[in-house]
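*Asks:* I'd like to go over a predicted model; first the sequence, then the structure.
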Number of protein chains: 2
Amino acid sequence: MKKIIVGQSGGPTAVINSSVVGVYNKAKELGIKVYGMVHGIEGFLQEKIIDLDDYLSEEENIELLKRTPSAFLGSCRYKLPKIEEAKDVYEKIFEILDKNEIDGLFYIGGNDSMDTIKMLSAYAKENNKKQVFMGIPKTIDNDLPITDHCPGYGSAAKYIATSLKEIIRDNESFGVSKPTVCIVEIMGRHAGWLTAAAALAKTDDCKGVDAIYLPEVTFDIDKFIQNIEKLAKTKSSIVIAVSEGVQTSDGKFVCELSDSDRSVDAFGHKQLSGCASTLANLVAAKTGLKTRAIEFSTLQRAATHIASLTDINEAIEVGKCAVEEANNGTTGKMVIIERVEGSTYQSRTNIYEIDAIANVEKKVPLEWIDKENNTLKEEFINYARPLIMGELEPIYKDGLPAHLIRK
Amino acid sequence: MKKIIVGQSGGPTAVINSSVVGVYNKAKELGIKVYGMVHGIEGFLQEKIIDLDDYLSEEENIELLKRTPSAFLGSCRYKLPKIEEAKDVYEKIFEILDKNEIDGLFYIGGNDSMDTIKMLSAYAKENNKKQVFMGIPKTIDNDLPITDHCPGYGSAAKYIATSLKEIIRDNESFGVSKPTVCIVEIMGRHAGWLTAAAALAKTDDCKGVDAIYLPEVTFDIDKFIQNIEKLAKTKSSIVIAVSEGVQTSDGKFVCELSDSDRSVDAFGHKQLSGCASTLANLVAAKTGLKTRAIEFSTLQRAATHIASLTDINEAIEVGKCAVEEANNGTTGKMVIIERVEGSTYQSRTNIYEIDAIANVEKKVPLEWIDKENNTLKEEFINYARPLIMGELEPIYKDGLPAHLIRK
């Protein structure tokens, strides 16, 4: 390979840029030129391409990029059409690749993005195109199969557990004179990996959250209220972690429960509220307890200032592995992370057939969930704790973490 | 003084424990014994007193306490009754002080807490009691008068500006393919200091937020919508900072606008939503733009992991100053921070009559607000930027910032 291009796709993570660093560094080592597509394959179709040397030839900028949240190159949510339905789109993509003499395309993303790699490598094979296509995993949701875990998850988990420790301390401060039920909503519509990370807040200096509700388990509103009433008998501070994706037995999201026709505001507009605020309102009404709803929202995927160093390093490694493999002629694969067996955590990269990964969703194993106590078992803690270890101190400027941005 | 007691009161901050460190360290230097009241004056009345040597005689614990969010001693929202209405309460307080041979009482808090110091020192004077009483300022709201600023504000401002930079990066990631208006709600019901800190996010590597709405300025809903429509013509990412306390010209809080009788959920309960979510729903309905509401909630006062070192050091200094002054016989005063004139930021502590401080609220000067552009003028930036400078790296354990907690 002489020239390659890298793109970012889907919801950003705290370390999605570290995979760009991995791609760039390995390519430079091999004497390969690296372009970046601006706003993923969608921008690529409009030939929005930048030369990464313009930014990353300075070591200082590489260090900044490792500490920059969100997609440095810009992201997209563009899903490629089926090959037989839109040959022109594929022809256009290969025309741009040929014109720019690009030998390899690297796409950093989650489920949908892996579908893009699957389609492009299939088209290339069918049409005898020489370019190679590699998927680089990324998602805070941690829901890609085959890989032990996804870059981006460890940092989101570290943010969630750190913030929950701080919320628990804050919620305990008033003691019995102001008992408060704090309901914290965590991302992950279908898979509960992020919400499960709330279990990591339990440490020697923190009792942890009082209950965790994952989308893998049917949400029973009555039992939920009963549990809070029971907790309130002995505790003045109650902190609950709940996935945005919890559903009742009739398959309704909890956040949709408040979405009745009557739920309109003073302007006559329909009110949309999150799962935590729906539940906080409900608990207040049913129990009379003081409640508070907190949503981590996009901060859980953007808080690079407290990213996990393990996560950053692995995000770099998957990027490097993709380039190394592609340079050896591999195509149509995603890089995966494998956990090396042993008493201390170690991981290694490998590659896997993209067809087995694209559009498949991995959930939290039911046997890791302690349904009775609404928490996670030791197996989960042993799985997740190593992923949040280590820190990379931000580079501060004007009192704030500095970032690298496109000109 | 041979024995003193320190208490914490009101909403916690990221550095309220650093003032305990300041009190303890200065007292030790002077050979004075230090007790702590658990849950402020409310717990003190129940004689909930701990010996701080049990925790802080180890230097390692002092370092942990500087990095521990929320009130280590526990807080309260107890307001002392008027002396003439409840002499028994005051007699009880002095009885407990006498019994434990306590010579000085130090109270770390905001407006209401300074009222406690005012009353106790007035009672002591009237009744020829020998104990001294000193107020130590603390509030993320930064609304205490006389003092240049309040410990706790700088760290909250640093959290707000750091998180906004991350939110802005995240919101920009999808570009024109998914334009989003993100409305971020910031604490401060009456004074806009915290919301104004959003202006600090504007740096060389960040365009900053697009508009800031403070409670000091009447909120005009039509103008607000017009401004967003205008911004949406040229920008795909719009991030707005809004105080929870913004009010329309009829004196109604924006969050109360949705609080009509019709605003009930599927269970028939009244829905409470925050200012940001009310405005996000409104913007979506009026403009058709995609919106997102984010509330920093208690994280803005609890995120000690990204506290300002300037703030931590000043919180320690105000604690030290209180003990030093009290040891010289001063009573009925609050410690204040004065800004030393000069090209580089420097501050010094001083003391001030508590009567001029208790129950008085300091707002953002109107001349610092650029009403036309919905932002803050350079005067505010020059005032606030020095307060967020510097960091104290957390001590990590199990991948998370470690805290000191009461046994």
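*Replies:* In hand now; what should we look at?
*Asks:* is stretch A:81-99 positioned near chain B?
*Replies:* No: shown here: stretch A:81-99 not in contact with chain B (CB under 8 Å from any CB of the partner chain), separated by at least 15.6 Å. Where you see a C-beta, it was placed from the backbone N, CA and C, and this is true even at glycine.
*Asks:* buried residues in that stretch?
*Replies:* A:89-90, A:93-94, A:96-97 (16 or more other CB atoms under 10 Å in any protein chain shown).
*Asks:* what mean pLDDT does the helix or strand encompassing A:Phe224 get?
*Replies:* Secondary structure assignment for A:Phe224, by DSSP states H and E: helix A:221-234. In this model, helix A:221-234 has a mean pLDDT of 96.
*Asks:* after it comes which helix or strand?
*Replies:* That would be, after helix A:221-234 and using DSSP H and E, strand A:237-243.
*Asks:* which other helices and strands contact that next one?
*Replies:* helix A:153-172, strand A:180-186, helix A:193-196, strand A:211-213, helix A:221-234, helix A:275-287 (3 or more CB pairs under 8 Å, 6 or more residues apart in numbering or on different chains; DSSP states H and E).
*Asks:* if we go to 6 Å?
*Replies:* helix A:153-172, strand A:180-186, strand A:211-213 (3 or more CB pairs under 6 Å, 6 or more residues apart in numbering or on different chains; DSSP states H and E).
*Asks:* chain B is nearest to which of those?
*Replies:* Nearest to chain B among the helices and strands packed on strand A:237-243 is helix A:153-172; the distance by CB to the nearest CB comes to 3.9 Å.
*Asks:* in that closest one, what's buried?
*Replies:* A:153-172.
*Asks:* please state the offset of it from the chain centre?
*Replies:* 16 Å (CA atoms, centre = their mean, to the nearest Å).
*Asks:* that one and chain B in contact?
*Replies:* Yes: judged by CB under 6 Å from any CB of the partner chain, helix A:153-172 and chain B are in contact via A:161-163, A:165-166, A:169-170.
*Asks:* among those, which two are most distant?
*Replies:* Greatest spacing in those, by CB to CB: A:Ala161 and A:Asp170 (15.0 Å).
*Asks:* circling back to that earlier point, what's the closest of the buried residues of stretch A:81-99 to A:Ile50?
*Replies:* Looking across the buried residues of stretch A:81-99 and measuring by CB to CB, the closest to A:Ile50 is A:Ile96, at 13.9 Å.
*Asks:* you'd agree A:Ile108 is up against A:Gln8?
*Replies:* Yes: counting by CB atoms under 6 Å, A:Ile108 touches A:Gln8, with 5.0 Å between them.
*Asks:* just name the shakiest helix or strand of chain A by mean pLDDT.
*Replies:* When each helix and strand of chain A is scored by mean pLDDT, DSSP states H and E, helix A:275-287 comes last, with a mean of 92.
*Asks:* on that earlier part again, got JSON lines for the helices and strands packed on strand A:237-243, with mean pLDDT and distance to B:Glu58 too?
*Replies:* Converted to JSON lines, these look like this (pLDDT from 0 to 100; distance: least, CB to CB, whole Å):
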{"stretch": "helix A:153-172", "mean pLDDT": "98", "distance to B:Glu58": "20"}
{"stretch": "strand A:180-186", "mean pLDDT": "97", "distance to B:Glu58": "31"}
{"stretch": "strand A:211-213", "mean pLDDT": "98", "distance to B:Glu58": "34"}
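*Asks:* JSON lines please, covering those and showing distance to A:Asn61.
*Replies:* JSON lines is the format used below for those (distance: least, CB to CB, whole Å):
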{"stretch": "helix A:153-172", "distance to A:Asn61": "20"}
{"stretch": "strand A:180-186", "distance to A:Asn61": "33"}
{"stretch": "strand A:211-213", "distance to A:Asn61": "40"}
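*Asks:* the stretch 1-150 of chain A against chain B: which residues are in contact?
*Replies:* A:12, A:39, A:69-71, A:74-76.
*Asks:* ok, so of those, who is nearest A:Cys182?
*Replies:* The closest of the residues of the stretch 1-150 of chain A next to chain B, once distances to A:Cys182 are taken by CB to CB, is A:Pro69, at 25.6 Å.
*Asks:* what pLDDT does the closest one get?
*Replies:* For A:Pro69, the predicted pLDDT is 97.
*Asks:* could you pull up phi and psi at the closest residue to it other than its chain neighbours?
*Replies:* The shortest distance from A:Pro69 to any residue other than its chain neighbours is 3.9 Å, reached at A:Thr304 (CB to CB, 6 or more residues apart in numbering or on different chains). Taking degrees, to the nearest 10, you get phi -60, psi -20 for the backbone angles of A:Thr304.
*Asks:* isn't A:Thr304 up against A:Ala14?
*Replies:* Yes: using CB under 6 Å, A:Thr304 makes contact with A:Ala14 at a distance of 4.3 Å.
*Asks:* what sits in contact with each of these two?
*Replies:* Common contacts of A:Thr304 and A:Ala14, defined by CB atoms under 6 Å, 6 or more residues apart in numbering or on different chains, comprise A:Pro69.
*Asks:* quick one: which of those two has more around it?
*Replies:* Neighbours of A:Thr304 and A:Ala14, each counted by other CB atoms under 10 Å in any protein chain shown, are more numerous for A:Ala14; the result is 34 against 28.
*Asks:* gap between A:Leu144 and A:Arg385?
*Replies:* Taking CB to CB, to the nearest Å as the measure, A:Leu144 falls 20 Å from A:Arg385.
*Asks:* and if you look at A:Ile93?
*Replies:* In this view, A:Ile93 and A:Arg385 are 42 Å apart by CB to CB.
*Asks:* which ones are touching A:His354?
*Replies:* Not quite, residue A:354 is Ile, not His. Neighbours of A:Ile354 in contact, by CB under 6 Å, 6+ apart: A:114, A:117-118, A:135, A:332-334.
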